[in-house]
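>>> Please find the sequence and the predicted model below.
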Number of protein chains: 2
Amino acid sequence: MKVSREQVAENRQRILEAAGRLFRAKGFEAVTVADVMKAASLTHGAFYGHFSSKDDLIVQTLAHIVSAGIPEDLDLTRYATTYLSESHRDDIAGGCPTAGLAGQTIHQSPEARAAMTAGLREHIERLSRSAPGATAENKRRAAIGSWAAMVGAVILARMSDDPHLSDELLAQTREWISPK
Amino acid sequence: MKVSREQVAENRQRILEAAGRLFRAKGFEAVTVADVMKAASLTHGAFYGHFSSKDDLIVQTLAHIVSAGIPEDLDLTRYATTYLSESHRDDIAGGCPTAGLAGQTIHQSPEARAAMTAGLREHIERLSRSAPGATAENKRRAAIGSWAAMVGAVILARMSDDPHLSDELLAQTREWISPK
DNA sequence: CACTAAACATGATGACGATCATGATTAATA
DNA sequence: TATTAATCATGATCGTCATCATGTTTAGTG
């Protein structure tokens, strides 16, 4: 059953979309190719027409998900407030790919790490522009320090099985970043 | 071949030690029970005499590794310097279990998350004592904010495939934490 | 309107890995 | 010293995947 060009493109997008959500929600290893294809409403056999391997899928998914819109002009403090919200913490499947996947990408292929690193570099530059600070160097430092704290806080807040501690991690980090 | 009580205890320690290093180095899923037992110089069959399952091993390993000594009296700035060093970044297998495993523990059993949460709580309290700040609340905020930044920075630095960016993440976070 | 080859579905294949079954050795105990 | 039972080694087993082989449909193309 052949399919139109547009259908093929749409299918590929659906696969990447589904993979992005599943990987964030469950981690790379816990998600099977069949899981992804089922979530994309296709059978597992169709997978290898789009990607050469699961590793390939991981790389393509990261590239796709990481480039997907970081708000262009949002000041750092405002961004931190959203990022460190309880709703972002709870939206693992739809949330920041860095918070969800950075820890696991360390053990992935060089290509996967490269994709994430590219996103990281871009993200830091983006944040630097809206970061507080007199000099460019100070702005960059604030961007990096704040970004590290945001990512770390969300990871720890998601890990904690104590809701109170989890909330506190977000709130304190939020307040700690702002005055800086 | 039965073995003495002490030998059994030592074997169990060696398994936990090996599992701790392997899990940090490769992640929970990438490490097999056979891998762990081999690293502990035992055969895989002996595993189930010590643990009821791989999940059980994960929980015991986290409990073991997390309780393992955080320096008692070390001021926060000094601690941050060591934590954010290039040598700590490069020592994944022997480094901080939170930086290495927090991201993956999110997807593990409730017991595993509980073990990590207990360690986190204790760690924050420990850091709070030596954190800068006039009030106890300020100290705690500094401890949480700094800890989130440290964990985030090490994760990002390990993920980056660009050595220069990786070094910068550590250095800038280090400097960003201190003046705070 | 034929023809070709792409895209997908269905159904293997082959590894790998967690867990278990069995047996041998020997501490621990009386 | 004789007995018991724990600890480990060896060698299955059983499921779960990633990946591939084959067949069917039909979009593209001339």
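Perfect, thanks for sending it. Residues are numbered from 1 along each chain as shown, chains lettered A, B, ... in the order given.
>>> And stretch A:11-20, what's buried?
Neighbour-count burial for stretch A:11-20 flags A:11-12, A:14-20 (criterion: 16 or more other Cβ atoms under 10 Å in any protein chain shown). Just so you know, the C-beta spots here come from the backbone N, C-alpha and C atoms, and that holds for glycine as well.
>>> Indicate whether that stretch makes contact with DNA strand C.
Yes: applying Cβ under 7 Å from any atom of the strand, one finds stretch A:11-20 in contact with DNA strand C at A:N11.
>>> Quick one: distance of that stretch to the chain centre.
Chain-centre distance of stretch A:11-20: 15 Å, with Cα atoms, centre = their mean, to the nearest Å.
>>> Alpha carbons of that stretch, in PDB - could you do that?
Extracted C-alpha coordinates of stretch A:11-20, given in PDB (Å, rounded to 0.1, in the frame of the first residue of the first chain):
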ATOM      1  CA  ASN A  11       3.800   9.900   8.800                       C
ATOM      2  CA  ARG A  12       7.400  10.700   9.500                       C
ATOM      3  CA  GLN A  13       6.400  13.800  11.500                       C
ATOM      4  CA  ARG A  14       4.000  11.700  13.500                       C
ATOM      5  CA  ILE A  15       6.700   9.200  14.300                       C
ATOM      6  CA  LEU A  16       9.100  11.900  15.400                       C
ATOM      7  CA  GLU A  17       6.400  13.500  17.500                       C
ATOM      8  CA  ALA A  18       5.400  10.200  19.100                       C
ATOM      9  CA  ALA A  19       9.000   9.300  19.700                       C
ATOM     10  CA  GLY A  20       9.700  12.700  21.300                       C
END
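>>> Could you report the neighbour count for the closest residue to DNA strand C within chain A?
Residue nearest to DNA strand C within chain A: A:G45 (1.9 Å; Cβ to the nearest atom of the strand). A:G45 has 10 neighbours, counted by other Cβ atoms under 10 Å in any protein chain shown.
>>> again with A:A148
A:A148 has 28 neighbouring residues, counting by other Cβ under 10 Å.
>>> so it touches B:M159, yeah?
No: using Cβ atoms under 8 Å, A:A148 makes no contact with B:M159, being 11.6 Å away.
>>> Let me know the average pLDDT across the lengthiest helix in chain A.
The residue-count maximum for a helix in chain A (DSSP state H) belongs to helix A:136-159. In this model, helix A:136-159 carries a mean pLDDT of 97.
>>> Tell me which residues of it come out buried.
A:139-159.
>>> related to what we said a few turns ago, nearest to DNA strand D, of the buried residues of stretch A:11-20?
Taking the buried residues of stretch A:11-20 together and measuring to DNA strand D by Cβ to the nearest atom of the strand, the closest member is A:A19, at 11.1 Å.
>>> Just the pLDDT at that closest one, thanks.
With respect to pLDDT, A:A19 scores 98.
>>> now swap in A:S4 and tell me
Note on A:S4: pLDDT of 88.
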